[in-house]
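Colleague: sequence isn't available, so here's the structure alone:
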């Protein structure tokens, strides 16, 4: 038995005053129990800087990593120490964090499974605990890392929204466009989300006056929030969302022409996709000859794409004005509506020519978020979802026992 206790002491990395008292194996339950003790007479340093012997003990148990296929628990009588002013404190143990029913190595292994893209609920089955308990471990380490996160040289940010579940409530993400990572997530998609994001930056001692560029979609709430809480920042409207407005105009035109015209059936993407098979290209050209307004709309869509490649801001502005005139002269109502949207957001669209920032980075991060959401089959708990976004897209640094990984 002496040899086995020594082996387990080494395996657990125990240091003075802790040592293995006993190891027992319950064959009927396939459970390995390891009992630890501290050397009697040991003294512990308290808050007042003095050292004291144990006043009392309290029994604790932690789930540890399995030994082969056997469940393992660590047991110990944890010392309670009383200092001179009468304050009594239960001492921390080196193998587990305070308040956890798991050892640090167990938690690190669980986090490793999640790091390797295993859904939390599935990881819970692997380590044989209830999912809610593993979510508790996950949220602790994410919150700890996010609290310690350090933000440097922040001058360009982007804001985007994503749904928790399809058709359900939303969260807003703030992204560092230079470092390509999520800095902050908050529930909702209104101007208040911008306010909370800016307040978070201030808690991190970030000088918000240095944030000179911000990229958003054309949401009135985002515009209002950025104008109010980041007044020094130049707004660039995301290229993807601006192009989406013009594509929307083309699709509305197609739907209008589609009425009572069976030839247009099944051609929803024929006038929107860039890459088409030779057969579909021939069909598109034929339909544009047959329906001249579709041809005009298609021409406007492709002329609009050229705007984004103009390097000079004044030339780009003149070209966009020219395009708006063409769109209005076409007499196509849906394109006239797109022109009104563009003119209402003129400065933020033109700013792209100089800033060259867009939410493509956010779209890439959002793909990661959607993949995590798909693996988990949606999230019932918004805190779990927010912490999963930090985990997958925050580039956080964790301080759980990394030697395990």
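Modeller: Right, received. Where do you want to start? Please read all numbers here as calculations on a predicted model, not as lab measurements.

Colleague: from here on, just use CA atoms for contacts and neighbour counts.
Modeller: Fine.

Colleague: quick check: phi and psi at residue 70.
Modeller: According to degrees, to the nearest 10, the main-chain angles of residue 70 amount to phi -100, psi 130.

Colleague: residues contacting it?
Modeller: 30-32 (CA atoms under 8 Å, 6 or more residues apart in numbering).

Colleague: give me the beta-bridge partners of it?
Modeller: residue 67 (DSSP bridges).

Colleague: residue 18 now?
Modeller: Bridge pairing for residue 18 - DSSP bridges - gives residue 38.

Colleague: so who does it touch?
Modeller: So residue 18 contacts 36-39 (CA under 8 Å, 6+ apart).

Colleague: separation between it and residue 93?
Modeller: Distance of residue 18 to residue 93, computed by CA to CA, to the nearest Å: 9 Å.

Colleague: doesn't residue 287 fall inside a helix?
Modeller: Yes: checked against DSSP: H, G, I helix; E, B strand; the rest coil, residue 287 lies within a helix.

Colleague: just give me the neighbour total for it.
Modeller: 18 (other CA atoms under 10 Å).

Colleague: and for residue 233?
Modeller: 20.

Colleague: and the residue lying closest to it once chain neighbours are set aside, backbone torsions?
Modeller: Closest residue in space to residue 233, ignoring its immediate chain neighbours: residue 212 at 4.3 Å, by CA to CA, 6 or more residues apart in numbering. Here is the backbone geometry of residue 212 (degrees, to the nearest 10): phi -90, psi -20.

Colleague: ranges for the strands of the stretch 201-350 of the chain?
Modeller: Using DSSP state E, counting those that start in this stretch, the strands of the stretch 201-350 of the chain run over 213-216, 234-237.

Colleague: now these in CSV, with mean pLDDT?
Modeller: As requested, the strands of the stretch 201-350 of the chain are exported to CSV (pLDDT from 0 to 100):
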stretch, mean pLDDT
strand 213-216, 95
strand 234-237, 95
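
Colleague: coming back round to it: need the contact list for the residue nearest to residue 233.
Modeller: 155-156, 232-234.

Colleague: for those, give me CSV that also has distance to residue 222.
Modeller: Converted to CSV, the contacts of residue 212 look like this (distance: CA to CA, whole Å):
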residue, distance to residue 222
155, 18
156, 15
232, 15
233, 13
234, 13
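
Colleague: ok, of those, which one's closest to residue 297?
Modeller: Using CA to CA, residue 234 is the member of the contacts of residue 212 that lies nearest residue 297, at 31.8 Å.

Colleague: what helix or strand is the closest residue to residue 104 other than its chain neighbours located in?
Modeller: Nearest residue to residue 104 in three dimensions, chain neighbours excluded: residue 96, at 4.9 Å (CA to CA, 6+ apart). Per DSSP states H and E: residue 96 is located in neither a helix nor a strand.

Colleague: one step back: which of the contacts of residue 18 are buried? Put it as a PyMOL command.
Modeller: Typed into PyMOL, the line below selects the buried ones among these, using 16 or more other CA atoms under 10 Å:
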select buried, resi 36+37+38
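
Colleague: between the contacts of residue 18, which sits nearest residue 242?
Modeller: Using CA to CA, these come closest to residue 242 at residue 36, 64.5 Å.

Colleague: give the contact list for that closest one.
Modeller: Residues counted as contacts of residue 36 (CA under 8 Å, 6+ apart) are 18-22, 74-77.

Colleague: is it in a helix, a strand, or coil?
Modeller: Under three-state DSSP, residue 36 comes out as strand.

Colleague: please report how far it lies from residue 67.
Modeller: Using CA to CA, we find residue 36 at a distance of 17 Å from residue 67.

Colleague: what do you get for residue 11?
Modeller: 11 Å.

Colleague: can you check residue 203 too?
Modeller: Counting by CA to CA - residue 203 and residue 67 are separated by 44 Å.
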